[in-house]
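**Student:** give me coordinates for this.
(one chain, ligands or ions: 2)
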Amino acid sequence: MSTAFPAVETLTSTQLDQLCINTIRTLSIDAVQQAKSGHPGTPMALAPLVYTIWNRILRFDPKNPIWPNRDRFVLSNGHASMLLWSALHLSGTQAVDSEYETIGQASVKLDDIRRFRQLDSKAPGHPEYHWVSGVETTTGPLGQGAATSIGMAIAEKWLAHHYNRPGFAIFDYNVYTVCGDGCLMEGIASEAASLAGHLGLDNLCWIYDNNHITIEGNTRIAFTEDVATRFLAYGWNVLRVGDANDLERIEHALEVFRNTKGRPTFIVLDSHIGYGSPNKQDTAAAHGEPLGDEECRLVKRAYGWPEDAKFLVPEGVYEHFTAGIGARGAEARRNWTQLFEAYRAQYPDLAAEIELMQRRELPTGWDRNLPVFPADAKGVAGRDASGKTLNVLAQSIPWFLGGSADLGPSNKTTLTFPGAGDFQADSPGGKNLHFGIREHAMAATVNGLALSKLRPFGASFFIFSDYARPAIRLAALMELPSLFVFTHDAMGDGEDGPTHQPVEHLASLRAIPGLIVLRPGDANEVVEAYRYIVQLRHQPTVLALSRQPLPTLDRTKYAPASGVAKGAYVLADAPGGNPEAIIIASGSEVSLAVEAHEKLLAEGIRSRVVSMPSWEIFEHQPKDYRDSVLPPNVKARVAVEQASTFGWERYVGTADHVIGMKTFGASAPLKELQRKFGFEPAQVVAAVKQQLGTN
Ligand SMILES: Cc1ncc(C[n+]2csc(CCOP(=O)(O)OP(=O)(O)O)c2C)c(N)n1
Ligand SMILES: [Mg+2]
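**Tutor:** Numbers count the residues shown, from 1 in each chain. Ligands and ions are numbered 1, 2, ... in the order given. This next block holds a predicted model:
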């Protein structure tokens, strides 16, 4: 408590607003100063905006930050994280655990803010979903938050369409996204804004911090387009608030947003970075470094703040938040909970679905009707087996949906069953999402859908996973069950040539911590891969699938495909076990390995084939299982995979045990490529013999 301020009872509501805003500002300044790093300028400028959204508008209950129908707040300019830590702290937002239960602790304590950017603080450098309750999505890579918010808005439309009934608006939340110049320069935000405009997402509001400053200086050096006109062209409703300190105008613009139907809203907010700093306002210096002790004092003086106070929350501030967002949020949630109880009485099945979904569980019988593919030498393409499986899952799991970045017919991801429908502005219940040719925004949108508890997938050619990678990485960091279906996963794209043939993609994606990369070897492995993926609650997956048919293995002769769930398994073995050589393969190379194995057996060589669709899953198996699949004493090993050899040494010893790609591919029919790059049984046989020294 401070004596520098008039007694709280004497303050007008406007003065209380100002007190709260300056608390956000000074907490941000002090935290950055203490950490000796961080971004003070934008929190100083946007404190009035964040205050207005949180304390006047947002339907968010700090006592239960995961209430399903809450409004979403996304801070896409994640470097301004002190805005979020201040809002979460001052509103008294409670922490929840990984089972979504509140644990009786504040999400962000004042002590966390004092320890901003320090190890284990709940006020890290950038907003981190999963680490801090109340953070709706991880942001920091500019533009990602904005694009992810599209997924949240699509989710609301879809959920409302499926679950609302007359008199029961179970889902009617809005999504508020704050973004800066950096977000809007990034391509991903343009992709996302174009899609949002097309879909007419009127539950979505982006507020653009138009401060003309980025790290290198004034935006005139690199960003001079007319952003407002650009958003008009995307089909958004564009508003402008000329003064970031004008709460009434900000509130009014947000009201216009809520009354605007058929279009998303874009609010250009003119602001001054480092607002109130006599020497740093409107300069890049306010962006990303502490103000310095002397400037901190000057700023506090300008705010009418005690100059030497640090981390001060004056009397009346917590109470003002409690009276604002606290009361409004609690009431909204109470009303919703009552509504939901009445809804449950009338629509028990729908209510049960919503509850399952919220816990990321699956409906009973979700795996009924999964296809089983009979042995067939000619076989089935990975993408075709996937298409059949997706169509079953999307019928058994009501909230399973997704789509492709304009490659549905090639990826075979189109949901074709009666009633599947297309998600469009006028048909928000469709299960086929059309992302257009926007892989990056697609992946972020998939994350936004997963954050909203739907089970989404996005699809493209494997080569274009590059265009989606930053969002795939964030899915892993956020521990989201996002599914990325990538077909044409190797040289199978043949004549399209090296621009379309992935080489380093498996290695590169396998390097992302926590991301499950699965490359199934035949149609039944595809089904088992899906069976595994769908049960994941907190892990994203990349599914790499073949374009061309792969023989469907005879599972009466070889081990069952259920081994996929262990990441790698002994598919075919030397008679009686005890192999002298092991061939490890994934995807399209599994049947090649089997062919080579049969030839070796015929020559009396005791080989084993290990199908290894997923390193990540295999590495999480107990050591004795891993050793049973790859006995440490068997040193003669060959890995075969039509991709970069990078990394396979860990299973086979050295790089010369790997038949893989060391260059880009080439444009030619697949058969010729297989010959050119050594993916033929004779070459595998020769490699095994070389390992055994019997060549
Ligand atoms: C994809 C990406 N590229 C670069 C950065 C590094 N970076 C962080 S903030 C920033 C400048 C952002 O400018 P603006 O969005 O205008 O933020 P302001 O300084 O106005 O708050 C940059 C380049 C980043 N975080 N993400
Ligand atoms: Mg800026």
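
**Student:** which element is Val485 on?
**Tutor:** strand 483-487 (DSSP states H and E).

**Student:** partner strands of that strand, with direction?
**Tutor:** Sheet pairing of strand 483-487 (DSSP bridges) gives strand 455-461 (parallel), strand 541-544 (parallel).

**Student:** which elements pack onto the strand ranked longest in the chain?
**Tutor:** Using DSSP state E, we find that the single longest strand of the chain is strand 636-644. Counting contacts by 3 or more Cβ pairs under 8 Å, 6 or more residues apart in numbering; DSSP states H and E, strand 636-644 packs against helix 505-510, strand 581-585, helix 589-602, helix 649-652, strand 658-661, helix 681-692. For the C-beta atoms, the positions are set from N, CA and C on the backbone; glycine is no exception.

**Student:** which residues sit against it?
**Tutor:** 490-491, 502-507, 519, 580-589, 592-593, 630, 645, 648, 651-653, 657-662, 677, 679, 684, 687-688, 691-692 (Cβ atoms under 8 Å, 6 or more residues apart in numbering).

**Student:** show the buried residues in the residues you listed.
**Tutor:** Among those, the ones that count as buried by 16 or more other Cβ atoms under 10 Å are 490-491, 502-503, 505-507, 519, 580-589, 592-593, 630, 645, 648, 651-652, 657-661, 677, 679, 684, 687-688, 691-692.

**Student:** what pairs with the longest strand of the chain, parallel or antiparallel?
**Tutor:** In the sheet, strand 636-644 lines up with strand 581-585 (parallel), strand 658-661 (parallel) (DSSP bridges).

**Student:** contacts for the first one?
**Tutor:** For strand 581-585, the surrounding residues in contact (Cβ under 8 Å, 6+ apart) are 521, 568, 592-593, 596-597, 600, 605-612, 630, 634, 636-641, 648, 651-652, 684, 688, 691-692.

**Student:** restrict the residues you listed to those that also contact ligand 2, please.
**Tutor:** Among these, not one lies near ligand 2 by Cβ under 5 Å from the ion.

**Student:** residue of the stretch 101-250 of the chain nearest ligand 2, please.
**Tutor:** Asp181 (3.6 Å; Cβ to the ion).

**Student:** what of the stretch 451-600 of the chain?
**Tutor:** Counting by Cβ to the ion, the stretch 451-600 of the chain gets nearest ligand 2 through Pro470, at 20.3 Å.

**Student:** can you classify that residue as helix, strand or coil?
**Tutor:** helix (DSSP: H, G, I helix; E, B strand; the rest coil).

**Student:** sketch out the strands for the stretch 251-400 of the chain, chain order is fine.
**Tutor:** Taking DSSP state E, counting those that start in this stretch as the test, the strands found in the stretch 251-400 of the chain are 265-270, 376-381, 400-404.

**Student:** deepest in the core, which of those is it.
**Tutor:** strand 400-404 (a mean of 26; mean count of other Cβ atoms under 10 Å).

**Student:** what mean pLDDT does that strand get?
**Tutor:** Strand 400-404 comes out with an average pLDDT of 98.

**Student:** try stretch 324-342
**Tutor:** Rounded mean pLDDT across stretch 324-342 is 98.

**Student:** got a list of contacts for that stretch?
**Tutor:** Residues contacting stretch 324-342 (Cβ under 8 Å, 6+ apart): 54-56, 58-64, 67, 69-70, 91-92, 168-170, 351, 354.

**Student:** just the buried subset of these, please.
**Tutor:** If we count by 16+ other Cβ under 10 Å, the contacts of stretch 324-342 have these buried: 54-56, 58-62, 64, 67, 69-70, 91-92, 168, 170, 351, 354.

**Student:** mind listing which of these are in helices?
**Tutor:** Secondary structure from DSSP state H places Ala351, Ile354 of those in helices.

**Student:** any stretches of this structure with poor pLDDT?
**Tutor:** 1-3, 695 (pLDDT under 70).

**Student:** show me which residues of it sit near ligand 1.
**Tutor:** Counting by Cβ under 6 Å from any ligand atom, the residues of the chain close to ligand 1 are 42, 77, 79-80, 140-142, 180-183, 186, 209, 211, 213-215, 273, 287.

**Student:** just the buried ones from the residues you listed, in PyMOL syntax?
**Tutor:** To isolate the buried ones among the residues of the chain next to ligand 1 in PyMOL, judged by 16+ other Cβ under 10 Å, type:
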select buried, resi 42+77+79+80+140+141+142+180+181+182+183+186+209+211+213+214+273+287
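
**Student:** re earlier: between helix 589-602 and the longest strand of the chain, find me the angle.
**Tutor:** Angle of strand 636-644 versus helix 589-602, following axes from the mean of the first three to the mean of the last three Cα atoms, to 10 degrees, is 150 degrees.

**Student:** now the angle between helix 681-692 and strand 636-644, please.
**Tutor:** Going by the same axes, to 10 degrees, strand 636-644 makes 140 degrees with helix 681-692.

**Student:** restricting to C-alpha, output stretch 583-599 in CSV.
**Tutor:** Written as CSV, here are the backbone C-alpha positions of stretch 583-599 (Å, rounded to 0.1, in the frame of the first residue of the first chain):
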residue,chain,number,x,y,z
ILE,A,583,17.2,-54.6,-41.7
ILE,A,584,15.4,-51.6,-40.4
ALA,A,585,13.0,-49.7,-42.6
SER,A,586,10.1,-47.3,-42.6
GLY,A,587,7.2,-46.5,-44.9
SER,A,588,7.7,-47.4,-48.6
GLU,A,589,10.9,-49.2,-47.8
VAL,A,590,9.4,-51.8,-45.4
SER,A,591,8.2,-54.0,-48.3
LEU,A,592,11.6,-53.6,-49.9
ALA,A,593,13.2,-54.8,-46.7
VAL,A,594,10.9,-57.8,-46.6
GLU,A,595,11.8,-58.7,-50.2
ALA,A,596,15.5,-58.5,-49.4
HIS,A,597,14.9,-60.5,-46.2
GLU,A,598,13.2,-63.3,-48.2
LYS,A,599,16.2,-63.5,-50.6
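
**Student:** how much space between Ser667 and ligand 2?
**Tutor:** Ser667 sits 44 Å away from ligand 2, taking Cβ to the ion, to the nearest Å as the criterion.

**Student:** how many residues are close by the closest residue to Thr413 other than its chain neighbours?
**Tutor:** In space, and not counting its chain neighbours, Thr413 is closest to Ala459: 4.3 Å by Cβ to Cβ, 6 or more residues apart in numbering. Using other Cβ atoms under 10 Å, Ala459 is surrounded by 32 other residues.

**Student:** same question for the one 3 residues further on.
**Tutor:** When neighbours are defined as other Cβ under 10 Å, Phe462 has 29 of them.

**Student:** what pairs with the residue lying closest to it once chain neighbours are set aside across the strands?
**Tutor:** Distance criterion Cβ to Cβ, 6+ apart; nearest residue to Phe462, sequence neighbours excluded, is Phe486 at 3.8 Å. Phe486 has these beta-bridge partners by DSSP bridges: Ser460, Ala544.

**Student:** check the contact between Glu315 and Val8; I expect there is one.
**Tutor:** Yes. With contact defined as Cβ atoms under 8 Å, Glu315 reaches Val8; the gap is 5.0 Å.

**Student:** now do the strand holding Val485: everything it contacts.
**Tutor:** With Cβ under 8 Å, 6+ apart, strand 483-487 has contacts from 382-383, 386, 390, 402, 404, 407, 410-413, 443, 446, 455-462, 464-465, 468, 472, 475, 533, 540-547.

**Student:** got the angle for it vs strand 376-381?
**Tutor:** Using the same axes, to 10 degrees: strand 483-487 against strand 376-381 is 120 degrees.
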